[in-house]
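> here's a sequence, model it:
(chains A and B)
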2 protein chains.
Amino acid sequence: MRNFIIFQALTILIVLAGCSEDHKSTSSKLTPVDFSYVQITDSFWSRILTNHVNTTLPVCIDQIENKSGRIRNFENAALGEGEHSGIFYDDSDVYKALEGIAYSLINNPNPDLEKKADEWIDKFTAAQEDDGYINTYYSLTGLDKRWTNMDKHEMYCAGHLIEAAVAYYKATEKKQLLDVSINMVDHIMGQFGPDKRHWVPGHEEIELALVKLYEVTGNSDYLNFAHWLLEERGHGHGTKGEEGEWNTLYYQDSVPVKELSQITGHAVRAMYLFCAMADVETLKENTGYLESLERLWDDVVNKKMYITGGIGSSRQNEGFTEPYDLPNYEAYCETCASVGMVYWNSRMNQLTRDSKYADVMERSLYNGALAGVSLNGDRFFYVNPLASHGDHHRKEWYGTACCPSQISRFIPSIGNYIYGISYDALWINLYIGNNTRIPMQNGELVIKQETNYPWDGEISLTIESLPKGNNLDINLRIPDWCKYYSISVNGDIIREPALNKGYVILNRNWRNNDKIYLSLDMPVKVITDIPQVKENIGKKAVQRGPLIYCAEETDNIDFQNIFISDEITFTAYFEPDILNGIALINAQNDANKIKLIPYYAWDNREAGEMKVWIDYEEKKVVPTGLEPVTP
Amino acid sequence: MRNFIIFQALTILIVLAGCSEDHKSTSSKLTPVDFSYVQITDSFWSRILTNHVNTTLPVCIDQIENKSGRIRNFENAALGEGEHSGIFYDDSDVYKALEGIAYSLINNPNPDLEKKADEWIDKFTAAQEDDGYINTYYSLTGLDKRWTNMDKHEMYCAGHLIEAAVAYYKATEKKQLLDVSINMVDHIMGQFGPDKRHWVPGHEEIELALVKLYEVTGNSDYLNFAHWLLEERGHGHGTKGEEGEWNTLYYQDSVPVKELSQITGHAVRAMYLFCAMADVETLKENTGYLESLERLWDDVVNKKMYITGGIGSSRQNEGFTEPYDLPNYEAYCETCASVGMVYWNSRMNQLTRDSKYADVMERSLYNGALAGVSLNGDRFFYVNPLASHGDHHRKEWYGTACCPSQISRFIPSIGNYIYGISYDALWINLYIGNNTRIPMQNGELVIKQETNYPWDGEISLTIESLPKGNNLDINLRIPDWCKYYSISVNGDIIREPALNKGYVILNRNWRNNDKIYLSLDMPVKVITDIPQVKENIGKKAVQRGPLIYCAEETDNIDFQNIFISDEITFTAYFEPDILNGIALINAQNDANKIKLIPYYAWDNREAGEMKVWIDYEEKKVVPTGLEPVTP
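Numbers count the residues shown, from 1 in each chain, chains lettered A, B, ... in the order given. Down below sits the predicted model:
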């Protein structure tokens, strides 16, 4: 076992203190405020988090232990006998579920759950080969074939092992799994690297995980190795050995990553790649990745993203085809890819302080990602179409279970995305009720956020206490869907707020218990797609606040014939008894009455048709002739 | 002097009672609730009304008596000697000012003002010829030439005489001026009519005035004569005698009025014509005018109306040119034409119960018409452009003073446009704070409306008392600019309000002191013009609630370079100390800060440039190539 220095939560404190030698004190970057400092209090997210602990995690554990062979694979690998069941990447689901457990433990200590995690960790430890290698598929089917096919997810699984280990260490300070992951990384770094073998991970993931391992250990070898892995791409090193052709576009391996300008291939892989590029740029600077990421972001957001923030329209490659190819019924929009959009856009926001990334993050979060799990937390979508004939439903589990396990680790980390902090300001990206205590050099920054968001746009922020001598700006994101808002501080309207990249900058000598009140006008908006998306010509979608709405057949008897027109007006009201409480939208004109629910909540009642994009009936103008008149 | 039966305010009572023999009890039409029942209480309109009484009327009286020869013309005509000064239609300004005085007296009794009116009326009476003819121009330049040129406004002036007489009778119950006007009408009907001479009034006005005279006297000869005058048009009867060519398009005389489908020629004349057509259709039904008016309305609103609700783009004919010819700097948009739009659209609304007409009425009222008078009430626009180089200003008076006198009679009648009543419902068209007592058969309907409109969209309505056994629906107009609203009654949200032609229909057993609360979402809206208006390609306008906004140079130093983009966000806040109190709009993004004020309030500070349509900078999309990708 290796010694390593623990820098728990170091990065935040460094940036806050503004006195690190490793970081410029005036770094333009934001550091996320770790969710472990953030206690969620609002009704919307509290219910989801409760369902996560009480339902989603038990479902995942049951599947992993009883209904699939996933834990058995580790037991068999430890024994060195028995068959591998399932698919070669199934280990990753166990690691992701464990990561979810770890996050859950931070805010909700639970000895039984922790005991379960320790049991699993013992099994992982036992399954690790003497040389540090850990992967039940190759352990049980023949270690001679390991490291021959870059698409066999060995580094992918290792990446999820690392993420789980880092999370569990943060939650419990237990190092056992961290040691297992470090042993695996050492094994990998013994095989691959400058002057060693080339390797292009077929499914990116380990790169961003290595950055997390660097952050928790302070060992820059891991960061450098992540950078090396990124740089491996685009040089023709990719191979599946004897098992078929290596499609460079599918694997994001056609050009060096700093030259990328179009997202291609498998959506989730692309997301994890972009996350790692952003991470490495954040820590090393001047990698050339930022320009590449900005090009890629424009490509994704302007040409390849659904209104739900989902990406990857094609089932065939679980990813991208041509620009503007965004079918609704056939949309793939994997849940993992929407979560990936949250991960990536959060990082882009931190790199640039630009709220446009937080806008996309919020879009993917409240729509594409949240739809991935049922309201009760017990069923999951892999595929998230924007229209359904009534035959698409959430399932308890999947053969490829990346999405349920993704949800299980993503939901409890929601607190990560609310705040960012820089040397000069606290940045508020998401409006979620919470109490937050951020440790800083001269004391704690204690903030309370109160809101009914996403049901209305009224947000109250109380600066409960400030560190001594600290005078941060408070920067409030004005969401892209909001064009009209007002802000007051202690009751005084801020008449001409300073704006920068979508943030209102509040600069003053803050005092304890200062109260900021932000009112975001949250009307129902009718959205027209860009004309390049042929599928949506003649259709409109409805959005309120961050939520995309949809029509379900159960609310709309004449489902086939509903339409939106310019004459339609909207009312929205909170229905506490429907779908765990939603703002229901009534859209109506004289002859037409439609009910709409948030997209994330669809397929939680009786089966039926669903659509986001709804027929639009243009206003009929009576033709009166166009002859010029000369009076 | 003739005897006549007085049916003061008869039409309202008839319709309310639902038992008239003359009217179907289930008439689909609305009757306006006369402003004399409506006491305006809100701060926005109260200030305007106070300025009207204290400033506008004294200015008009001073101009008429001292600074022009308008009263002297009547004095000279009475004496039968002296010259006629000014223009042949100047009598009408005196009548319109008197009409304004009359309206003012109804809600604000004022003995001095009434004495002034009586003085004038004595002068009019003295100026009337023995045969009933009254027109100072011909009395002083030669009665032999009267009734030879249809463009000399003899019937136009008679029409304004009638309107003044009706108003003054309603205000004071004094009949002297009504007698003068009836004598003139009898004179006219002795000359013209079926089996008598043809006549096409060159400037329509008398037609709608005759309907008012019918309503107050019950003498259907006046209504029938108005109908006959309308039917005179389009048969080639028009002539200017020996004084030039009769342009049939200019005079709305090219086809019979029921065949009209395009508005042509002089804008104000067209408005008064359409008003009279609507009036005659309301009272006689099946005239064929409704279809014609609906075609004309589509033509005006879709092709020939400015965003301010102003019409008539050309200075050359004070009217219309080609469809979509809507220049901003050169816009004519006569104040009188905007007031005419209020008159006409109010009548269309009553005829059809369709709120789309009230939408246009409100647009013309709060923008095109209200801009016609300075905030202090002492200066007037004749021409209302949508952009100015800083050289266009309101004046104290005009040689042709139709607009100041129009304002003087229009403003105090604002209460007319708030409510309508039908056998089955009370209709609320405008949101203006007021206390209203409507006399009905079994008692009074007493309503209180409280609001800060147009500064916000929160409206409280109290049904203070109801007539016995009466159970009207309460129908609330949802303005076209509002797509999102909520309504509650006594605190209970109306979840799925019934809608009909833009009205929410509230149907229940009302009790005294029931409270309706209507919340109209009133964001700042960015408006794109239809592409046919070449002038506005690449530009956007800003609207909040019913108000169109504009930029003035005094608020925007870099006036030439201001622009609107998709990145811009808005705050609006009430500034009590600017322009008598307005909601000022700040529009800003990172690099650009614009201040906007309501259009009606422009040119009330230092001279400078102004524009409604503001350059729009499209979002720059980084080109990333469009090649199809095959992963």
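> so which bits of the stretch 251-400 of chain A are right by chain B?
Within reach of chain B by Cβ under 8 Å from any Cβ of the partner chain, the stretch 251-400 of chain A has these residues: A:261-262, A:264-266, A:294-295, A:298-299, A:302-303, A:317, A:319-323. All C-beta atoms are positioned from the backbone trio N, CA, C, and that covers glycine.
> of the residues you listed, buried ones?
The neighbour-count criterion (16 or more other Cβ atoms under 10 Å in any protein chain shown) marks A:261-262, A:264-266, A:294-295, A:298-299, A:302-303, A:317, A:319-321, A:323 among these as buried.
> for stretch A:517-527, what is the average pLDDT?
Stretch A:517-527 comes out with an average pLDDT of 96.
> repeat for stretch A:447-464
Mean predicted lDDT for stretch A:447-464 stands at 97.
> now do the strands in the stretch 501-631 of chain A.
Ranges of strands within the stretch 501-631 of chain A are A:503-506, A:514-520, A:524-527, A:539-544, A:547-552, A:564-565, A:569-575, A:582-589, A:592-598, A:610-611, A:614-617, based on DSSP state E, counting those that start in this stretch.
> make JSON lines out of those strands and add mean neighbour count and distance to A:Arg394.
As requested, these are exported to JSON lines (neighbours: other Cβ atoms under 10 Å in any protein chain shown; distance: least, Cβ to Cβ, whole Å):
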{"stretch": "strand A:503-506", "mean neighbour count": "22", "distance to A:Arg394": "36"}
{"stretch": "strand A:514-520", "mean neighbour count": "19", "distance to A:Arg394": "31"}
{"stretch": "strand A:524-527", "mean neighbour count": "19", "distance to A:Arg394": "25"}
{"stretch": "strand A:539-544", "mean neighbour count": "22", "distance to A:Arg394": "22"}
{"stretch": "strand A:547-552", "mean neighbour count": "27", "distance to A:Arg394": "14"}
{"stretch": "strand A:564-565", "mean neighbour count": "20", "distance to A:Arg394": "27"}
{"stretch": "strand A:569-575", "mean neighbour count": "19", "distance to A:Arg394": "21"}
{"stretch": "strand A:582-589", "mean neighbour count": "21", "distance to A:Arg394": "17"}
{"stretch": "strand A:592-598", "mean neighbour count": "22", "distance to A:Arg394": "15"}
{"stretch": "strand A:610-611", "mean neighbour count": "24", "distance to A:Arg394": "12"}
{"stretch": "strand A:614-617", "mean neighbour count": "17", "distance to A:Arg394": "23"}
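> quick one: closest of the ones you listed to B:Ile557.
strand A:503-506 (21.9 Å; Cβ to Cβ).
> output that closest one as CSV, nothing but the C-alphas.
Output in CSV follows, covering the C-alpha atoms of strand A:503-506 (Å, rounded to 0.1, in the frame of the first residue of the first chain):
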residue,chain,number,x,y,z
TYR,A,503,-24.8,37.3,-14.1
VAL,A,504,-26.1,40.3,-12.1
ILE,A,505,-23.1,41.5,-10.1
LEU,A,506,-24.0,42.7,-6.6
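> out of the residues of the stretch 251-400 of chain A next to chain B, which sit inside helices?
A:Glu294, A:Arg295, A:Asp298, A:Asp299 (DSSP state H).
> pLDDT at the second one, what is it?
Which is A:Arg295. 97.
> isn't it up against A:Lys258?
No - using Cβ atoms under 8 Å, A:Arg295 is not in contact with A:Lys258; the gap is 10.2 Å.
> shouldn't A:Leu105 be within a helix?
Yes - assessed by DSSP: H, G, I helix; E, B strand; the rest coil, A:Leu105 belongs to a helix.
> that one - nearest residue in space that isn't next to it in sequence?
A:Ala171 (4.3 Å; Cβ to Cβ, 6 or more residues apart in numbering or on different chains).
> alpha carbons only: can I get the helix or strand where the one you found lies in CSV?
Per DSSP states H and E: A:Ala171 is located in helix A:154-172. Presented in CSV, the C-alpha positions along helix A:154-172 are these (Å, rounded to 0.1, in the frame of the first residue of the first chain):
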residue,chain,number,x,y,z
GLU,A,154,-11.1,-1.6,-18.7
MET,A,155,-10.0,2.0,-18.0
TYR,A,156,-13.7,3.0,-18.0
CYS,A,157,-14.4,0.6,-15.1
ALA,A,158,-11.2,1.8,-13.4
GLY,A,159,-12.5,5.4,-13.8
HIS,A,160,-15.7,4.6,-12.0
LEU,A,161,-13.8,2.7,-9.3
ILE,A,162,-11.8,5.8,-8.7
GLU,A,163,-14.8,8.1,-8.6
ALA,A,164,-16.5,5.7,-6.1
ALA,A,165,-13.3,5.6,-4.0
VAL,A,166,-12.9,9.3,-3.9
ALA,A,167,-16.6,9.8,-3.0
TYR,A,168,-16.5,7.1,-0.3
TYR,A,169,-13.3,8.5,1.2
LYS,A,170,-14.9,12.0,1.4
ALA,A,171,-18.0,10.5,3.0
THR,A,172,-16.3,8.2,5.5
